[in-house]
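> I'd like to go over a predicted model; first the sequence, then the structure.
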Amino acid sequence: MELINPIVQAYAERFSSKEDDLLRETALQTIGSHPRAHMLSGHLQGKFLEIFSAVCRPKYVLEIGTFTGYSALCLVKGVSEGGKLHTIELREEDAATARKHFERSNYGEKIILHVGNALQIIPTLEEQWDLVFIDADKTGYLDYYELILPRLKSGGVILADNVLFHGQAVEEPVTGKNAKAIKAFNERVINDQRVENVLLTIRDGLMLIRKK
């Protein structure tokens, strides 16, 4: 299912502020060499993450799913003085690529990269989160959500990517384990009295969840 008309997508990117040089290089390198390049947040969503973080001015940010580092490089720009962004990547090869990009960034000292299973790493982190970005394995979304929410500050925000999952989440019947997992996650959030949320039709769907 084509979620966004390519002409509309191109128009939106044209009238959005440009990427900086490092983000553009990160994107081009990923698209040119990575077999899962479609996982890249990209210009439009990346600029949304950057501006959203700049508006929130979070002290502690958690990202689940680093990939090649593009989204972390966007989110970290809004981190307040003395703050940190923790990002978790399961794949060692992608983590190594992301680390190289972080080392070139003016914000590299604010980024802490963890390599391994997020469900094991998250409980070891002591921060209370202001902003969380979930963009990892879809079957883990519910577990990540329930693990994170108690450590999310009141008024804090979770951003969850791919909540339309290529349009498969809106199909009837929903088939495939990832689409089913995303639908279950969406239903959990909308029925959770601890939060308020809005599902944005940016890229593959972005759920904005605010803890009450």
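Received the coordinates, thanks. This structure is a prediction, so every number in the text was calculated from the model and none was measured. Residues are numbered from 1 along each chain as shown.

> what sits against the residue positioned nearest the centre of the chain?
Centroid-nearest residue in the chain: Phe133, 3.9 Å away (criterion: Cα atoms, centre = their mean). Taking Cβ atoms under 8 Å, 6 or more residues apart in numbering, we find Phe133 in contact with Leu49, Val61, Leu62, Glu63, Ile64, Gly65, Ser71, Leu75, Ile158, Leu159, Ala160, Asp161. For glycine as for every other residue, the C-beta is placed from the backbone atoms N, C-alpha and C.

> what of Leu131?
Leu131 neighbours (Cβ under 8 Å, 6+ apart): Ser53, Cys56, Pro58, Tyr60, Val61, Leu62, Leu75, Gly156, Val157, Ile158, Leu159.

> each with direction, which strands does the longest strand along the chain pair with?
The residue-count maximum for a strand in the chain (DSSP state E) belongs to strand 152-161. Paired neighbours of strand 152-161 in the sheet (DSSP bridges): strand 129-134 (parallel), strand 206-211 (antiparallel).

> next, format those strands as JSON lines and append mean pLDDT and distance to Met39.
Shown next, in JSON lines, are the strands paired with strand 152-161 (pLDDT from 0 to 100; distance: least, Cβ to Cβ, whole Å):
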{"stretch": "strand 129-134", "mean pLDDT": "98", "distance to Met39": "13"}
{"stretch": "strand 206-211", "mean pLDDT": "98", "distance to Met39": "14"}
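
> possible to save those strands as JSON lines with distance to Leu90?
Below are these laid out as JSON lines (distance: least, Cβ to Cβ, whole Å):
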{"stretch": "strand 129-134", "distance to Leu90": "13"}
{"stretch": "strand 206-211", "distance to Leu90": "21"}
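
> okay, these, which one's buried deepest?
Per-stretch averages of neighbours, counted by mean count of other Cβ atoms under 10 Å, single out strand 129-134 among the strands paired with strand 152-161, with a mean of 25.

> returning to that earlier point: redo the contacts of Leu131 as CSV? Include distance to Asp21 and neighbour count.
Shown next, in CSV, are these (distance: Cβ to Cβ, whole Å; neighbours: other Cβ atoms under 10 Å):
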residue, distance to Asp21, neighbour count
Ser53, 19, 24
Cys56, 25, 18
Pro58, 24, 25
Tyr60, 27, 22
Val61, 23, 26
Leu62, 27, 29
Leu75, 18, 29
Gly156, 31, 21
Val157, 28, 21
Ile158, 30, 24
Leu159, 25, 24
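
> first-to-last residue distance for stretch 2-22?
Distance across stretch 2-22, first residue to last, is 29 Å (Cα to Cα, to the nearest Å).

> quick check: mean pLDDT of that stretch?
What stretch 2-22 shows for mean pLDDT is 92.

> what lies in contact with it?
Residues outside stretch 2-22 that contact it (Cβ under 8 Å, 6+ apart): 24, 27, 43-44, 46-47, 73, 101, 104-105, 164, 166-167, 201, 203-205.

> mind listing what's buried along it?
Glu19, Leu22 (16 or more other Cβ atoms under 10 Å).

> ditto for stretch 138-151
For stretch 138-151, by 16+ other Cβ under 10 Å, it's Lys138, Gly140, Tyr141, Leu142, Tyr144, Tyr145, Ile148, Leu149, Arg151.
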